[in-house]
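S.K.: please find the sequence and the predicted model below.
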Amino acid sequence: MTKIGKDNIFPSLETERLILRPMTVEDTDFVFKHFGDSAVYQYLLDEPPVTEYAHAQEIIQFYSEQEGKTYNRWVMVRKSDHQPLGTCGFHKWDKRYFRAEIGYDLGPGFWGQGYMMESLRAVISNGFEQMRLNRIDALVYVENNRSIQLLQKLGFKQEGVLRDYFYSDGNFYDHSLFALLQREWKP
Ligand SMILES: CC(C)(COP(=O)(O)OP(=O)(O)OC[C@H]1O[C@@H](n2cnc3c(N)ncnc32)[C@H](O)[C@@H]1OP(=O)(O)O)[C@@H](O)C(=O)NCCC(=O)NCCS
């Protein structure tokens, strides 16, 4: 993983096949389509799907203009054809306790090729090195098997199940809490 661009806390990151760059207004069309795709939002139960263009604009504004930067989002762009594939980043960065939550979503046409694994390896390294995190949390709907498999491959350990943790469209959804500690990370 190579850091490129400005030497800030959330720099652009380069992996073998991808550039991860901070989300900007130029990504509005992509964000609108991506978060409106049912395969993407079906397990993102903490947020409603994006059905209005204004909602995509709000998401971009949220990530780009935030004071204090406790949330961030990279857009994963394939180097070979500049295709945006998905997004990933940190939520709820708590500097006092050296922890944050990780979040990620890949367009369904790009599943099964290791793109998220490649991205998260760079994102996690940035978290432990640049942000000086000690602990990275991940909250996953209990039936989101692809996501659970990805976290386990990265070394995250399951710590429990948070019953009825999110409420969406009239239903409550159990979520598993996973976490990775800095001392367990194998870059
Ligand atoms: C969760 C999600 C990112 C997982 O996507 P994914 O494609 O399974 O994950 P990866 O990109 O890491 O790819 C891993 C797969 O690629 C395969 N693969 C192919 N080439 C690979 C490579 N070079 N390196 C690693 N894996 C590779 C792996 O074997 C694995 O396949 P398998 O699932 O058949 O075992 C995706 O399902 C998603 O975005 N879902 C919707 C949003 C979501 O649920 N987000 C998470 C909320 S908690």
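M.R.: Here it is on my side, so go on.
S.K.: show me the contacts for A39.
M.R.: For A39, the set of contacting residues under the criterion of CB atoms under 8 Å, 6 or more residues apart in numbering consists of 107-108. C-beta coordinates here come from the backbone N, C-alpha and C atoms, glycine included.
S.K.: tell me which element it is part of?
M.R.: Assigned by DSSP states H and E, A39 falls within helix 38-41.
S.K.: what do you get for N126?
M.R.: helix 115-129.
S.K.: neighbouring contacts of that helix?
M.R.: Contacts with helix 115-129, where a contact means CB under 8 Å, 6+ apart, come from 1, 3, 10-11, 13-18, 20, 74, 76, 78, 85-86, 88-90, 100, 102, 104, 106, 133, 136, 150, 153-154, 180, 182, 185, 187.
S.K.: return the subset of these lying in strands.
M.R.: Secondary structure of the contacts of helix 115-129 is defined by DSSP state E; positions in strands are 3, 13-14, 18, 20, 74, 76, 78, 85-86, 88-90, 100, 102, 104, 106, 136, 180.
S.K.: filter those to the buried ones?
M.R.: When burial is judged by neighbour count using 16 or more other CB atoms under 10 Å, the buried members of the ones in strands among the contacts of helix 115-129 are 3, 13-14, 18, 20, 74, 76, 85-86, 88-90, 100, 102, 104, 106, 136, 180.
S.K.: so which of those residues reach the ligand?
M.R.: Among those, proximity to the ligand is found for 104, 106 (CB under 6 Å from any ligand atom).
S.K.: hmm, back to that, does the ligand have contacts with the helix holding A39?
M.R.: Yes: contact between helix 38-41 and the ligand is present through V40 (criterion: CB under 6 Å from any ligand atom).
S.K.: extract the CA atoms of that helix and return them as PDB.
M.R.: Coordinates of each C-alpha in helix 38-41 appear next as PDB, following Å, rounded to 0.1, in the frame of the first residue of the first chain:
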ATOM      1  CA  SER A  38     -30.600  -3.000  -3.900                       C
ATOM      2  CA  ALA A  39     -27.700  -5.500  -3.800                       C
ATOM      3  CA  VAL A  40     -25.600  -2.800  -2.100                       C
ATOM      4  CA  TYR A  41     -28.100  -1.300   0.300                       C
END
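S.K.: and the helix or strand following that helix, what other elements does it pack with?
M.R.: From helix 38-41 onward toward the C-terminus, using DSSP H and E, the following helix or strand is helix 53-64. Applying 3 or more CB pairs under 8 Å, 6 or more residues apart in numbering; DSSP states H and E, we find helix 53-64 packed against helix 28-34.
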